[in-house]
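1. Here's my sequence, what's the structure:
(2 chains)
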Amino acid sequence: QVTLRESGPALVKPTETLTLTCTFSGFSLSTSGMCVSWIRQPPGKALEWLARFDWDDDKYYNTSLKTRLTISKDTSKNQVVLTMTNMDPVDTATYYCARILSVSSWGRGGMDVWGQGTTVTVSS
Amino acid sequence: DIQMTQSPSTLSASVGDRVTITCRASQSISIWLAWYQQKPGKAPKLLIYKASSLESGVPSRFSGSGSGTEFTLTISSLQPDDFATYYCQQYNTYLYTFGQGTKLEIK
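-> Numbers count the residues shown, from 1 in each chain, chains lettered A, B, ... in the order given. I've put the predicted structure just below:
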(Lines give C-alpha, C1' and ligand atoms only; values in the text may rest on other atoms or scores of the structure.)
Protein backbone atom coordinates (compact mmCIF):
# COMPACT_ATOMS: atom_id res chain seq x y z
CA GLN A 1 0.00 0.00 0.00
CA VAL A 2 1.36 3.39 -1.03
CA THR A 3 1.15 6.13 1.58
CA LEU A 4 2.59 9.63 1.96
CA ARG A 5 2.55 11.81 5.05
CA GLU A 6 3.54 15.45 5.37
CA SER A 7 5.11 16.91 8.49
CA GLY A 8 6.43 20.29 9.53
CA PRO A 9 5.70 23.31 11.68
CA ALA A 10 2.14 24.56 11.93
CA LEU A 11 3.25 28.14 12.49
CA VAL A 12 6.16 30.12 11.06
CA LYS A 13 7.01 33.80 11.30
CA PRO A 14 7.37 36.12 8.32
CA THR A 15 10.86 35.99 6.74
CA GLU A 16 11.57 32.56 8.27
CA THR A 17 12.38 29.45 6.26
CA LEU A 18 9.82 26.64 6.13
CA THR A 19 10.99 23.04 6.01
CA LEU A 20 8.45 20.35 5.18
CA THR A 21 9.06 16.61 5.05
CA CYS A 22 7.14 14.06 3.01
CA THR A 23 7.64 10.55 4.36
CA PHE A 24 6.44 7.83 2.03
CA SER A 25 6.09 4.07 1.96
CA GLY A 26 5.05 1.41 -0.51
CA PHE A 27 7.37 2.54 -3.29
CA SER A 28 10.99 3.51 -3.87
CA LEU A 29 12.04 6.85 -5.27
CA SER A 30 14.93 4.98 -6.89
CA THR A 31 12.55 3.05 -9.13
CA SER A 32 12.45 4.32 -12.70
CA GLY A 33 9.57 6.69 -13.26
CA MET A 34 8.78 7.45 -9.64
CA CYS A 35 8.37 11.11 -8.72
CA VAL A 36 7.15 13.10 -5.72
CA SER A 37 5.58 16.53 -6.00
CA TRP A 38 4.63 19.22 -3.52
CA ILE A 39 1.37 21.14 -3.97
CA ARG A 40 -0.25 23.80 -1.79
CA GLN A 41 -3.71 25.23 -1.32
CA PRO A 42 -4.39 28.54 0.44
CA PRO A 43 -7.65 28.59 2.42
CA GLY A 44 -10.62 28.65 0.03
CA LYS A 45 -8.41 28.82 -3.05
CA ALA A 46 -7.19 26.56 -5.82
CA LEU A 47 -4.34 24.06 -5.86
CA GLU A 48 -0.88 25.33 -6.79
CA TRP A 49 1.95 23.02 -7.87
CA LEU A 50 5.27 23.84 -6.20
CA ALA A 51 8.01 21.36 -7.06
CA ARG A 52 8.84 17.83 -8.19
CA PHE A 53 11.67 15.39 -7.44
CA ASP A 54 12.31 12.52 -9.84
CA TRP A 55 13.85 9.05 -9.53
CA ASP A 56 16.86 10.21 -11.57
CA ASP A 57 17.41 13.18 -9.23
CA ASP A 58 15.96 15.70 -11.68
CA LYS A 59 14.16 18.56 -9.96
CA TYR A 60 11.54 21.00 -11.23
CA TYR A 61 10.13 24.15 -9.66
CA ASN A 62 7.18 26.48 -10.02
CA THR A 63 8.46 29.34 -12.14
CA SER A 64 7.10 32.05 -9.84
CA LEU A 65 8.55 30.50 -6.68
CA LYS A 66 11.76 28.86 -7.86
CA THR A 67 14.09 31.35 -6.21
CA ARG A 68 12.57 30.45 -2.81
CA LEU A 69 12.20 26.67 -3.16
CA THR A 70 14.57 23.76 -2.74
CA ILE A 71 13.50 20.13 -3.04
CA SER A 72 15.70 17.24 -1.98
CA LYS A 73 15.47 13.59 -1.00
CA ASP A 74 16.77 11.31 1.72
CA THR A 75 16.64 7.88 0.12
CA SER A 76 17.54 6.01 3.29
CA LYS A 77 14.58 7.53 5.12
CA ASN A 78 12.13 7.46 2.20
CA GLN A 79 11.65 11.20 2.50
CA VAL A 80 11.38 14.20 0.20
CA VAL A 81 12.06 17.57 1.80
CA LEU A 82 10.85 20.97 0.61
CA THR A 83 12.28 24.21 1.92
CA MET A 84 10.73 27.59 1.21
CA THR A 85 12.60 30.71 2.22
CA ASN A 86 11.38 34.16 3.19
CA MET A 87 7.90 33.07 4.24
CA ASP A 88 5.07 35.60 3.98
CA PRO A 89 1.46 35.56 5.23
CA VAL A 90 0.32 34.86 1.64
CA ASP A 91 2.12 31.50 1.94
CA THR A 92 -0.42 30.39 4.52
CA ALA A 93 -1.83 27.18 3.08
CA THR A 94 -2.27 23.45 3.36
CA TYR A 95 0.78 21.77 1.84
CA TYR A 96 0.44 18.36 0.21
CA CYS A 97 2.89 15.88 -1.23
CA ALA A 98 1.84 13.38 -3.88
CA ARG A 99 3.31 10.57 -5.94
CA ILE A 100 3.52 10.67 -9.71
CA LEU A 101 4.12 7.76 -12.07
CA SER A 102 5.92 9.51 -14.89
CA VAL A 103 4.79 9.61 -18.49
CA SER A 104 8.21 8.58 -19.76
CA SER A 105 8.41 5.35 -17.75
CA TRP A 106 4.79 4.48 -16.95
CA GLY A 107 2.97 6.14 -19.84
CA ARG A 108 0.47 7.86 -17.59
CA GLY A 109 1.23 10.76 -15.23
CA GLY A 110 -1.20 12.24 -12.76
CA MET A 111 -0.76 12.48 -9.00
CA ASP A 112 -2.19 9.14 -7.98
CA VAL A 113 -1.60 9.07 -4.23
CA TRP A 114 -1.68 12.10 -1.92
CA GLY A 115 -0.81 12.72 1.69
CA GLN A 116 -3.45 14.16 4.00
CA GLY A 117 -1.77 17.58 3.99
CA THR A 118 -0.22 19.78 6.64
CA THR A 119 -1.48 23.26 7.42
CA VAL A 120 1.06 26.05 7.71
CA THR A 121 0.17 29.51 9.01
CA VAL A 122 2.54 32.42 8.52
CA SER A 123 2.08 35.02 11.21
CA SER A 124 4.13 37.05 13.64
CA ASP B 1 3.59 28.81 -18.23
CA ILE B 2 0.47 27.11 -19.53
CA GLN B 3 -2.76 28.54 -18.11
CA MET B 4 -5.73 26.27 -17.40
CA THR B 5 -9.25 27.72 -17.36
CA GLN B 6 -12.22 25.76 -16.07
CA SER B 7 -15.88 26.48 -16.67
CA PRO B 8 -18.18 26.92 -15.01
CA SER B 9 -16.75 27.98 -11.67
CA THR B 10 -19.88 26.75 -9.93
CA LEU B 11 -22.43 24.22 -11.14
CA SER B 12 -25.75 23.42 -9.49
CA ALA B 13 -27.23 20.03 -10.31
CA SER B 14 -29.46 17.29 -8.94
CA VAL B 15 -28.88 13.64 -8.17
CA GLY B 16 -29.23 11.69 -11.40
CA ASP B 17 -28.23 14.59 -13.66
CA ARG B 18 -25.56 14.34 -16.33
CA VAL B 19 -23.00 17.09 -15.89
CA THR B 20 -20.02 18.29 -17.88
CA ILE B 21 -17.11 20.44 -16.75
CA THR B 22 -14.80 22.04 -19.30
CA CYS B 23 -11.09 22.78 -19.03
CA ARG B 24 -9.21 24.84 -21.61
CA ALA B 25 -5.44 25.14 -21.93
CA SER B 26 -3.71 28.30 -23.16
CA GLN B 27 -1.70 26.15 -25.60
CA SER B 28 -1.80 22.57 -26.77
CA ILE B 29 -1.10 19.98 -24.09
CA SER B 30 -1.83 16.93 -26.27
CA ILE B 31 -3.53 14.43 -23.92
CA TRP B 32 -1.53 15.22 -20.80
CA LEU B 33 -4.37 16.22 -18.53
CA ALA B 34 -5.63 14.92 -15.21
CA TRP B 35 -8.87 15.50 -13.29
CA TYR B 36 -9.18 15.49 -9.50
CA GLN B 37 -12.06 15.54 -7.04
CA GLN B 38 -11.66 17.31 -3.72
CA LYS B 39 -14.02 17.34 -0.75
CA PRO B 40 -13.79 19.89 2.07
CA GLY B 41 -10.87 19.26 4.38
CA LYS B 42 -9.58 16.37 2.28
CA ALA B 43 -6.75 15.82 -0.16
CA PRO B 44 -7.59 15.72 -3.87
CA LYS B 45 -8.34 12.35 -5.44
CA LEU B 46 -7.21 11.43 -8.94
CA LEU B 47 -10.14 10.53 -11.21
CA ILE B 48 -8.80 10.68 -14.75
CA TYR B 49 -5.28 10.75 -16.23
CA LYS B 50 -4.07 11.08 -19.82
CA ALA B 51 -7.30 12.96 -20.57
CA SER B 52 -9.54 9.89 -20.74
CA SER B 53 -8.03 7.05 -18.68
CA LEU B 54 -10.06 6.17 -15.61
CA GLU B 55 -7.99 5.74 -12.46
CA SER B 56 -8.34 2.37 -10.78
CA GLY B 57 -11.26 2.23 -8.37
CA VAL B 58 -13.04 5.29 -9.76
CA PRO B 59 -16.68 4.67 -10.72
CA SER B 60 -17.40 4.34 -14.43
CA ARG B 61 -19.91 7.20 -14.32
CA PHE B 62 -16.86 9.48 -14.53
CA SER B 63 -15.34 9.96 -17.97
CA GLY B 64 -12.91 12.35 -19.60
CA SER B 65 -12.36 13.42 -23.16
CA GLY B 66 -10.46 15.91 -25.27
CA SER B 67 -7.04 16.68 -26.63
CA GLY B 68 -5.04 19.72 -27.59
CA THR B 69 -6.57 22.65 -25.73
CA GLU B 70 -10.11 21.59 -24.82
CA PHE B 71 -11.10 18.88 -22.38
CA THR B 72 -14.23 17.75 -20.56
CA LEU B 73 -15.05 15.76 -17.46
CA THR B 74 -18.49 14.17 -17.55
CA ILE B 75 -20.43 12.54 -14.74
CA SER B 76 -23.14 10.48 -16.35
CA SER B 77 -25.55 10.25 -13.42
CA LEU B 78 -24.74 12.33 -10.35
CA GLN B 79 -24.64 10.55 -7.02
CA PRO B 80 -24.79 12.24 -3.59
CA ASP B 81 -21.09 11.49 -3.06
CA ASP B 82 -20.12 13.45 -6.19
CA PHE B 83 -20.86 16.91 -4.81
CA ALA B 84 -17.36 18.32 -4.46
CA THR B 85 -14.85 20.59 -6.20
CA TYR B 86 -13.16 19.38 -9.37
CA TYR B 87 -9.77 20.47 -10.71
CA CYS B 88 -8.01 19.86 -13.98
CA GLN B 89 -4.20 19.78 -14.17
CA GLN B 90 -1.89 19.79 -17.15
CA TYR B 91 1.39 17.91 -17.26
CA ASN B 92 2.46 18.46 -20.84
CA THR B 93 5.46 20.35 -19.51
CA TYR B 94 7.37 19.89 -16.29
CA LEU B 95 5.80 23.11 -15.02
CA TYR B 96 2.49 21.72 -13.88
CA THR B 97 -0.56 23.96 -13.58
CA PHE B 98 -4.05 23.48 -12.19
CA GLY B 99 -7.33 25.02 -13.18
CA GLN B 100 -9.11 27.28 -10.71
CA GLY B 101 -11.66 24.60 -9.81
CA THR B 102 -15.36 23.92 -10.40
CA LYS B 103 -17.60 23.56 -7.37
CA LEU B 104 -20.44 21.13 -7.97
CA GLU B 105 -23.37 21.97 -5.71
CA ILE B 106 -26.68 20.36 -4.97
CA LYS B 107 -29.57 22.16 -6.66
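2. and the closest residue to chain A within chain B, how many neighbours does it have?
-> Residue of chain B nearest chain A, by C-beta to the nearest C-beta: B:Tyr49 (3.3 Å). Yep, even glycine has a C-beta here, placed from its N, CA and C like the rest. For B:Tyr49, the neighbour count with other C-beta atoms under 10 Å in any protein chain shown is 28.
3. what does the one 4 residues further on give?
-> The burial metric for B:Ser53, expressed as a neighbour count using other C-beta under 10 Å, is 17.
4. Who is it paired with across the strands?
-> B:Tyr49 (DSSP bridges).
5. Does it touch A:Gly109 like I think?
-> No - taking C-beta atoms under 8 Å as the definition, B:Ser53 is not a contact partner of A:Gly109, at 9.6 Å.
6. What residues does the residue nearest to the spatial centre of chain B make contact with?
-> When C-alpha atoms, centre = their mean is applied to chain B, the residue found nearest the centroid is B:Trp35 (3.8 Å). By C-beta atoms under 8 Å, 6 or more residues apart in numbering or on different chains, the residues touching B:Trp35 are B:23, B:46-48, B:62, B:64, B:73, B:86-89.
7. Also B:Leu54?
-> Here B:Leu54 is in contact with B:47-48, B:60, B:62-64 (C-beta under 8 Å, 6+ apart).
8. Apply 10 Å and report the result again.
-> Under the criterion of C-beta atoms under 10 Å, 6 or more residues apart in numbering or on different chains, the neighbours of B:Leu54 are B:35, B:46-48, B:60, B:62-64.
9. Out of the contacts of B:Trp35, which end up buried?
-> Buried residues within the contacts of B:Trp35, defined by neighbour count using 16 or more other C-beta atoms under 10 Å in any protein chain shown: B:23, B:46-48, B:62, B:64, B:73, B:86-89.
10. Out of those, the closest to A:Ala93 would be?
-> Closest approach between those and A:Ala93, by C-beta to C-beta: B:Tyr87, at 15.0 Å.
11. surely B:Ser63 meets B:Leu47?
-> Yes - judged on C-beta atoms under 10 Å, B:Ser63 makes contact with B:Leu47 at a distance of 9.4 Å.
12. Please tabulate the contacts of B:Trp35 in TSV, including the columns secondary structure and pLDDT.
-> Listed next are the contacts of B:Trp35 as TSV, based on DSSP: H, G, I helix; E, B strand; the rest coil; pLDDT from 0 to 100:
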residue	secondary structure	pLDDT
B:Cys23	strand	98
B:Leu46	strand	98
B:Leu47	strand	98
B:Ile48	strand	98
B:Phe62	strand	98
B:Gly64	strand	98
B:Leu73	strand	98
B:Tyr86	strand	98
B:Tyr87	strand	98
B:Cys88	strand	98
B:Gln89	strand	98
